[in-house]
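Peer 1: Give me coordinates for this.
(chains A, B, C and D)
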There are 2 protein chains.
Amino acid sequence: MSANTPPAKSKAAKADAKAGSSKRGGAVSLGSLRNFIGFQLRRAQDVSFEAFARRVGSADFGPGHFAALSVIHANPDINQVRLSRATGRDKSTLTPVIKNLLKRGFVQRHRSKTDSRAYCLNLTPKGEHHLQKLAMHAEAHDRRLDQIVGDIHKGLLIHLLERIVTELEHDLHRT
Amino acid sequence: MSANTPPAKSKAAKADAKAGSSKRGGAVSLGSLRNFIGFQLRRAQDVSFEAFARRVGSADFGPGHFAALSVIHANPDINQVRLSRATGRDKSTLTPVIKNLLKRGFVQRHRSKTDSRAYCLNLTPKGEHHLQKLAMHAEAHDRRLDQIVGDIHKGLLIHLLERIVTELEHDLHRT
DNA sequence: CATATATCGTAGGGTATCAAACCATAATAA
DNA sequence: TTATTATGGTTTGATACCCTACGATATATG
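Peer 2: All right, here's what the predicted structure looks like:
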């Protein structure tokens, strides 16, 4: 646990008398939740996305948007199933996202010549430009995160998160 | 950016010829996404929740369920708004969750004597028992995570996640 | 070749979530 | 006290997500 981690429970609420245990100010105990990685992950993800969205300005931008553009850019002619797997969303979740990107002219697709079920996705020049803009915001966001976690720890943090993903995913597939 | 960060891009897709760039096996490049903390957070959170749900057995268990019970336990007579803030979900999201917990007899509520708008939430003995069961699963889950990130790093990981939450939240409120 | 099985993308159903609108009550200002 | 504003909780509307089912095509098997 290292540093700052008060008991987190003890008695916390002593008869309250006021209604709602600790009243003003937000001194609510998280109980065992505080040391539960899953909970902290969710909170961190929520707020991180929120901060990023705020940076981008939220207009013409939704979840999966940046991830999709980024992966398409890195993998020309990728199809939707592979894209969905790479970004970690269901293929059906991707359908409206892609429809959106097509409508905005960021992405272009054509049927594969070797598999007429599949589409080949690619960024348009406009899409490349848009991605570049988003990447700039992402970098700024990342710099802020560097400040918060410290340059020294960022590599470790990403490494740990990656390990969690790969290992737990392994556990799950190993049902 | 600091440490471990392999190119992650290079050329990745060379003319593909097959349709869908890299074909079988999942060698899809994540592009700059790989070093984007927000993305890794989302993936880690997804898979962590999935693993936990699998452990619990998913029956009579949904998101927010465990968090709510845990916080109510730690803060007797807490009201819904404060509970929602502590768990990080909107108060309106909490409404059906609480309704569910009431119906199952895990939670009990009564109007506050000092504020007739507010409810006072408390666990029933059955709720305490249920929480204890969930906490056991959470502990097992955590032990697995310890294995993955290493005992040494777990404290640091939680600390970093907490810092991200508090700092970014500060930024946001500071709009 | 013919049938069975797997895969790509879309559509529909269900849940979690937030935001905004709302009612009732509280707290504050006039 | 009365009017204004803030707060607790529910409802409604929209979005993101998953899962399942489906149609179309591919691949494998007889």
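Peer 1: interface residues of chain A facing DNA strand D?
Peer 2: Neighbours of DNA strand D within chain A, by Cβ under 7 Å from any atom of the strand: A:20, A:62-64, A:88-90, A:92-93, A:96-97, A:114-117. Backbone N, C-alpha and C define where each C-beta goes, glycine included.
Peer 1: switch to 6 Å and redo it
Peer 2: A:62-64, A:89-90, A:92-93, A:115-117 (Cβ under 6 Å from any atom of the strand).
Peer 1: Please narrow those residues to those residing in helices.
Peer 2: Filtering the residues of chain A next to DNA strand D for membership in helices, criterion DSSP state H, returns A:92-93.
Peer 1: and of the residues of chain A next to DNA strand D, the nearest to A:V107?
Peer 2: Minimum separation from A:V107 among the residues of chain A next to DNA strand D (Cβ to Cβ) is found for A:G64, which lies at 12.4 Å.
Peer 1: which residues sit in contact with the closest one?
Peer 2: Residues near A:G64 by Cβ atoms under 8 Å, 6 or more residues apart in numbering or on different chains: A:87, A:89, A:93-94, A:97.
Peer 1: Repeat the analysis, applying 7 Å as the threshold.
Peer 2: A:87, A:89, A:97 (Cβ atoms under 7 Å, 6 or more residues apart in numbering or on different chains).
Peer 1: And these, which is closest to DNA strand D?
Peer 2: A:R89 (3.8 Å; Cβ to the nearest atom of the strand).
Peer 1: excluding its backbone neighbours, what's nearest the closest one?
Peer 2: A:G64 (5.8 Å; Cβ to Cβ, 6 or more residues apart in numbering or on different chains).
Peer 1: hmm, the helix ranked longest in chain A touching chain B?
Peer 2: For chain A, the helix with the greatest residue count under DSSP H is helix A:125-149. Yes - judged by Cβ under 7 Å from any Cβ of the partner chain, helix A:125-149 comes into contact with chain B at A:135, A:138, A:141-142, A:145, A:148-149.
Peer 1: Over to stretch A:94-102?
Peer 2: No - Stretch A:94-102 is not in contact with chain B by Cβ under 7 Å from any Cβ; minimum separation 13.5 Å.
Peer 1: Could I get the average pLDDT for that stretch?
Peer 2: Averaging pLDDT along stretch A:94-102 gives 96.
Peer 1: A:I78 contacts A:I72, correct?
Peer 2: Yes - in this structure, A:I78 is within contact of A:I72 by Cβ atoms under 7 Å, at 6.0 Å.
Peer 1: shared neighbours of those two, which are they?
Peer 2: A:L121.
Peer 1: quick one: low-confidence ranges for chain A?
Peer 2: A:1-26, A:58, A:175 (pLDDT under 70).
Peer 1: What would whichever strand or helix holds A:C120 look like as PDB? C-alpha coordinates only.
Peer 2: Assigning secondary structure by DSSP states H and E places A:C120 in strand A:119-123. Output of strand A:119-123 as PDB, limited to C-alpha atoms (Å, rounded to 0.1, in the frame of the first residue of the first chain):
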ATOM      1  CA  TYR A 119     -14.800  -4.300 -46.300                       C
ATOM      2  CA  CYS A 120     -11.400  -2.700 -46.500                       C
ATOM      3  CA  LEU A 121     -11.200   0.400 -44.300                       C
ATOM      4  CA  ASN A 122      -8.900   3.300 -45.000                       C
ATOM      5  CA  LEU A 123      -8.500   6.900 -43.900                       C
END
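Peer 1: top of the residues of helix A:125-149 next to chain B by neighbour count?
Peer 2: Counting neighbours by other Cβ atoms under 10 Å in any protein chain shown, A:L145 leads those with 25 neighbours.
Peer 1: Which residue ranges of chain A form helices?
Peer 2: Going by DSSP H, chain A shows helices at A:37-56, A:65-74, A:80-87, A:91-103, A:125-149, A:151-173.
Peer 1: what angle sits between the second one and helix B:37-56?
Peer 2: Orientation note: helix A:65-74 sits at an angle of 110 degrees relative to helix B:37-56 (axes from the mean of the first three to the mean of the last three Cα atoms, to 10 degrees).
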